[in-house]
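A.B. asks: below: sequence and its predicted model.
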Amino acid sequence: MPDTDHEGVTVSQLLLVEYTQVKDEQKARIGFRDNLLYATLAAMAAVIAAALQGPVRVGLLLLLPPVCLVLGWTYLVNDQKISEIGRYVSTELTPRLAAVTPLGPQVPGGAVFRGTVFGWEVAHRSDRRRRSRKWFQLFVDLLTFCGASLAALTVFWATGRTSATLLTVSLVECAAVVALATQIAVYADLSIGAQRHRSE
């Protein structure tokens, strides 16, 4: 497809503007996502400090799972959007821009080699240690948003100071935490390089 001019604006210019906008959104979401980790740690500290004030306040530990669930789900949604943006750039914008940009060596059929356009979107995923880092990130995410909640529930159950209502609440929370852990594991991006076009 030629880089045609329409009212003074070329196709490549439009694609570059779109690229800039989606990358700006991706950067904003990355910053927000990372801040959720700090918010979760602060919430944990507040709940645990309150619960340690005395045995009669151990029920406050039941506040930790809902907090971690809300923050964890928000974290997961943002992380998924970040990956979707990366995949859109790699699979949609890159070939479209490569088709109208006369850069790099020609390949059979006359198309321009896509690796010369937004090459970092693919190159940064080709690190041999990427998979180990992503496994460790998965462990950190599960520990932060799910492990702490399960630990709080375990302590609550171990104290024996509970009622039927609070026990029911704790069981519902436990099921919700397990569901969140499953979703975090399902959406974890553990692929390398061209195996799967998703962004970190």
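C.D. replies: Perfect, thanks for sending it.

A.B. asks: not counting its neighbours along the chain, what's nearest the residue nearest the centre of the chain?
C.D. replies: Here the mean C-alpha position of the chain is nearest to the C-alpha of Asp79 (CA atoms, centre = their mean), at a distance of 1.8 Å. Of all residues not flanking Asp79 in the chain, Arg33 sits nearest, at 5.7 Å (CB to CB, 6 or more residues apart in numbering). C-beta here means a position set from N, CA and C on the backbone, and glycine is covered the same way.

A.B. asks: what packs against whatever helix or strand that neighbour lives in?
C.D. replies: For Arg33, the element it lies in under DSSP states H and E is helix 11-51. Applying 3 or more CB pairs under 8 Å, 6 or more residues apart in numbering; DSSP states H and E, we find helix 11-51 packed against helix 64-88, helix 94-100, helix 148-159.

A.B. asks: give me the neighbour count for the residue nearest to Asp79.
C.D. replies: Arg33 sits with 18 neighbouring residues when counted by other CB atoms under 10 Å.

A.B. asks: just Val22 next, same as before
C.D. replies: Using other CB under 10 Å, Val22 is surrounded by 17 other residues.

A.B. asks: that one contacts Tyr88, correct?
C.D. replies: Yes - the pair Val22 / Tyr88 is scored as a contact, 6.6 Å apart, by CB atoms under 8 Å.

A.B. asks: nearest to Gly54, out of the helices and strands packed on helix 11-51?
C.D. replies: helix 148-159 (11.6 Å; CB to CB).

A.B. asks: which helix or strand lies directly C-terminal to the closest one?
C.D. replies: helix 164-186.

A.B. asks: pull the distance from that next one to the chain's centre.
C.D. replies: Chain-centre distance of helix 164-186: 21 Å, with CA atoms, centre = their mean, to the nearest Å.

A.B. asks: now for it, which elements pack on it?
C.D. replies: helix 64-88, helix 130-142, helix 148-159.

A.B. asks: so how far is Ser12 from Ile184?
C.D. replies: 38 Å (CB to CB, to the nearest Å).

A.B. asks: likewise for Val140?
C.D. replies: 40 Å.

A.B. asks: these two: who's more crowded?
C.D. replies: Looking at Val140 and Ser12 with other CB under 10 Å, you find the greater number of neighbours at Ser12, namely 18 against 12.

A.B. asks: Glu25 contacts Ile82, doesn't it?
C.D. replies: No - with contacts counted by CB under 8 Å, Glu25 stays clear of Ile82, the gap being 9.0 Å.
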